[in-house]
Structures are given as structure tokens and as C-alpha cells.
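Novice: Quick one: sequence plus predicted model below, questions after.
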2 protein chains.
Amino acid sequence: MKQKKFRTEHQQFVVEGVKVVKELLTSPYKVDAVYTLGEISDEIASVSSVVPIIITEQQLQKMSNLDTPNNVLAVASIPKPSFAFQEFNTKLILALDTINDPGNLGTIIRTAAWFGMDTIICSPKTTDAWNPKAVQAAMGALFRTNVVYADLKTVVEEYNAADVPVYATTLDGTDIYKTTLSPNGLIFIGSESHGVSPDLLALINKRLLIPSFSSGAAESLNVSVAAGVVCSEFRRR
Amino acid sequence: MKQKKFRTEHQQFVVEGVKVVKELLTSPYKVDAVYTLGEISDEIASVSSVVPIIITEQQLQKMSNLDTPNNVLAVASIPKPSFAFQEFNTKLILALDTINDPGNLGTIIRTAAWFGMDTIICSPKTTDAWNPKAVQAAMGALFRTNVVYADLKTVVEEYNAADVPVYATTLDGTDIYKTTLSPNGLIFIGSESHGVSPDLLALINKRLLIPSFSSGAAESLNVSVAAGVVCSEFRRR
């Protein structure tokens, strides 16, 4: 299940670590199995009705994706995506266009959850949200977020047809600190190296820039940090 | 040089990848050697007077910290730290209290550079900024930032004595969006799991909170994302 093809075939993924597994067990996700070392089995058993299977350190080592395995590992089902535009257009939602790094994807999911955004629409080329590194970085927020993979062009066209605002962060946008921002709409975050793709940008007229305060021109922002600043700006108003 | 003890002994570190090595070569850092595959040696030679040494893919593989080595690797000297309180107290500066993850440290350096903060003071327990993963995450910003390791208690006492504001992000702070922020001072960012340590917090009276907009209480922010939101709030005013 370290590989996407197995996750796709079985529609299952792996979660590791006491804190995140507990969050999984108390989330709406369907948990198929929990494996734990003996010493913490009672602690794990106390949070849900799923009966943990006690295993040895050697067995855990074999199953784990981590160099130093934590003492609990769970297998859960990937939820069926739910995409209903009618429910979305009154909310603020992130659209991720080809985020390649699972750590960045997980961190963006965690950040969106902090800022009260419960739905994220990913382009089909965005890395898999149930990849072990994305799950780790999301720190439980994945289980409380509706993550949908969809063709973003179709989504933008739906937003445009309904006249709901669509934003993108670009290097030629207007200063985000001085722009009026809507309490609902779709906010595009582009890929680590190339930003939002040109064919999507052509459909988006609200372009925002996070201005740099550096004296040189060489600086850039990490995509998760940029997403955090953007979410903060939309929410603080 | 993958290990800190070698970096400390030789006061040297490794930089990999065309983009970052070029930024290194055009920075004030002292570059001791550049190793490159033949095909890009001209491109590398064009940016500085350091003569690149042409090596084979096999040699690069042995020297590299990366699973898939990039085509250039440089060895540079770690700069001597410079800490002059008199120069600092008119600026905004980040103080990092025990950041453990090199990726987070590098991302914070990159973020601070974007927001025009050119000095970062790290507690001695903060991970090494010249660790390969930190260098990679900083994306060249490290070479334009004055990174100092110092006892943060002494630093805070100096700020307090001079009546220059010292801020920390905590869970019991005042809403950062509604607080007047100073254009100069020291901003503490605490460790990934424990925040700013209690003995330092006791000396800091300006505590800030990034409010969550989530309906549940389980959410948290990644430390680099939190640093980004804080820097953005200080700078946009």
C-alpha cells in the first residue's frame, strides 16, 4: 500500500502513529484493521469499537512505511468522493493544480482545515492524498476534509457560469492585502514549480499576488506557506 | 558532510542542484569547490570565477545526499556568525526555539527572506541550517540570510532591557489580526510539538494567537505555515 496502484486497486490506505490513528478511529472514515504493539493496545481500544490486533515489533517493521515505525498502524478505506457544486458555491474552497509533493499536499490539507475550509478539489495530476507522506503531513485533518479529484477546467466553468468568484495566486496579480476578497468562491493554488497552468489561468479573472518585502528578486514562497497566507487573508476579513 | 560533526569540524557544507548552486555562486558565501557533470559545466562556469571540476555520474552518485542526484554539487564554507544587537533592534527578526525538522527550518528561512527578514536567531537545540535538507528547503535564501545560533534567554533579556518588543505565538495569545504590531522587534516561533519553551515564555509579554476558523478543536498549523502567516501579518500593516 506504499504504491498508488495498490491503494487504487484495494481503495485502502495506511495510517501510522498513535495520535493520527486515534483521530482516524474517531472520524467518519471506515477503518478496516488496526495493528498495535501490546503496550498501547488498551489505549487504542479505548477510543473506538475496532478491536486492535496485537503484533510484534518485527511484524510492524515489515508493514510500516516509516524508518522508525511508531507503535500502531491502521488500514482504512479511501472514502468515495462527493462533489456537489450546489453545496460548494456558498463556501470557500481550495483548488490544487498539480501539487507534486505529498508533504506539501498534506500540509495544505492541514492548513485548510485550520482555516475552516472543509473541501479541497485536486487536479487529477495532483499527488495522491492517501499517500503515506501526505497522510502524515495532514496530521488527521485529511479525515475531516472532503478531498475530491476532478477536472479543474470543468469546475471553473461551473463557477464562472454561476458567477461565483474564482481566484488564483499569480506573479502578476493584485496585492492581496489591498484587494476585497469574497467570503465564498474557489481559490487556486498552483504547482511548486509552475504555478497555475495557463489553460486554467485563462478562465480566471481574479488574480492575487502575495507581495514580497525582500529587496532582491530571487525569493520565492513554499506552496504550503503561500496557501497559508492566502487562507489567512480570506478568513481574517 | 551528511553528518553534523563533519560539518562542524570542517566548517563546510554541501549544496546540490543547478538553481541553488548558481545562487550560492552569486552569493557572499565562500565556495570551496564545484563538481559538475560535463554537459552543464559551461552554464555553471558562466556565473562565477570558480572553475567547476568535471566528474562522472558515478562519482556524483557517491558524493550526493539525494536519491536521484542533480547534475551539480558544491562545497562551501559555513560563514562566521555575526550577532550585533545594535544592528538588530531596529528590524524585525525571527527567533526559532528548537525547530527540529530541517525541512521546516529551511522553509522558515525561505519564508523570512520573502518577507524581507534577513536575520534569524536559532536556539542551540534548533537543527543545523547547513544540513542538506535545510539547504534544499531554503532554496537559496540561506545564502542571503544571517543565521545565528545563540542562547535565546540572553537575547530576550537584551531586547527587554532595551525595551524593544518581543513577541511569541502561543495558544493563549491575543488575536494577531486585531493586535497592533511593531515594525521592529523579535518574533519567537516555537518547536513543532511544544511551542516556545516555558522559561523563555516567562520573559515574553506580547503573546499572539493565529485564530482557527475550524468548528472542531483538533486542528493545528504546521510551524512553517504559522511562521508565514505571522510574517505576513507583521509586514502587511
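Specialist: Arrived safely, thanks for sending.
Novice: Please count neighbours and contacts with C-alpha atoms only from this point.
Specialist: OK.
Novice: I'd like the distance from the residue most central in space within chain A to chain B, if you could.
Specialist: For chain A, the residue nearest the mean C-alpha position is A:I109 (3.0 Å; CA atoms, centre = their mean). Counting by CA to the nearest CA, to the nearest Å, the gap from A:I109 to chain B is 10 Å.
Novice: cool, A:G116 as well?
Specialist: 4 Å.
Novice: what about that residue, neighbour count?
Specialist: 20 (other CA atoms under 10 Å in any protein chain shown).
Novice: Next: A:I54.
Specialist: If you count neighbours by other CA under 10 Å, A:I54 ends up with 17.
Novice: Also A:Q11?
Specialist: Neighbourhood size, A:Q11 [other CA under 10 Å]: 16.
Novice: dump the residue contacts of it.
Specialist: Listed by CA atoms under 8 Å, 6 or more residues apart in numbering or on different chains, the contact set of A:Q11 reads A:S77, A:I78.
Novice: Same check on A:L73?
Specialist: So A:L73 contacts A:V14, A:V15, A:E16, A:G17, A:V21, A:V34, A:Y35, A:T36, A:L60, A:S64 (CA under 8 Å, 6+ apart).
Novice: Leaving out sequence neighbours, find the closest residue to it.
Specialist: A:E16 (4.5 Å; CA to CA, 6 or more residues apart in numbering or on different chains).
Novice: circling back: okay but the residue nearest to the centre of chain A is in contact with A:M139, surely?
Specialist: No. Counting by CA atoms under 8 Å, A:M139 is not a contact partner of A:I109; they are 9.0 Å apart.
Novice: about what we covered before: show the pLDDT at the residue nearest to the centre of chain A.
Specialist: For A:I109, the model assigns a pLDDT of 98.
Novice: what kind of secondary structure is it in?
Specialist: Secondary structure, DSSP: H, G, I helix; E, B strand; the rest coil: A:I109 is helix.
Novice: Please report how far the closest residue to it other than its chain neighbours lies from A:K178.
Specialist: Leaving aside its sequence neighbours, A:I109 sits nearest to A:A138 (CA to CA, 6+ apart; 5.8 Å). In this view, A:A138 and A:K178 are 31 Å apart by CA to CA, to the nearest Å.
Novice: And for A:T90?
Specialist: To A:K178, A:T90 is 23 Å away according to CA to CA.
Novice: And those two? Which one has more around it.
Specialist: Shown here are A:T90 and A:K178; by other CA under 10 Å, A:T90 has more neighbours (13 against 9).
Novice: So what's the residue count around the nearest residue to that one once chain neighbours are set aside?
Specialist: Spatial nearest neighbour of A:T90, excluding adjacent residues (CA to CA, 6+ apart): A:N184 at 5.4 Å. By the criterion of other CA under 10 Å, A:N184 has 16 neighbours.
Novice: mind listing what A:N184 touches?
Specialist: Per CA under 8 Å, 6+ apart, neighbours of A:N184: A:N89, A:T90, A:K91, A:L92, A:I93, A:V164, A:P165.
Novice: pretty sure the fifth one is touching A:I187, no?
Specialist: The reference is to A:I93. Yes. Counting by CA under 8 Å, A:I187 is a contact partner of A:I93 at 6.2 Å.
Novice: So A:I120 belongs to a strand, correct?
Specialist: Yes. Residue state for A:I120 (three-state DSSP) corresponds to a strand.
Novice: hang on, the earlier thing: pretty sure the residue nearest to A:L73 is touching A:V72, no?
Specialist: Yes. Between A:E16 and A:V72 there is a contact under CA under 8 Å: 5.9 Å.
Novice: Name the residue in the two with the higher neighbour count.
Specialist: A:V72 (28 against 25).
Novice: is the lengthiest strand in chain A up against chain B anywhere?
Specialist: Longest strand in chain A, counting residues (DSSP state E): strand A:166-175. No. Using CA under 8 Å from any CA of the partner chain, strand A:166-175 never reaches chain B; the gap is at least 10.1 Å.
Novice: what lines up beside the helix or strand just after that strand in the sheet?
Specialist: Tracing the chain past strand A:166-175, the next element assigned as helix or strand by DSSP states H and E is strand A:185-189. Partners of strand A:185-189 in the sheet, by DSSP bridges, are strand A:92-96 (parallel), strand A:166-175 (parallel).
Novice: all helices for chain A, in order.
Specialist: For chain A, the helices defined by DSSP state H occupy A:4-10, A:18-25, A:41-45, A:57-63, A:85-88, A:102-114, A:132-138, A:152-161, A:198-201, A:223-236.
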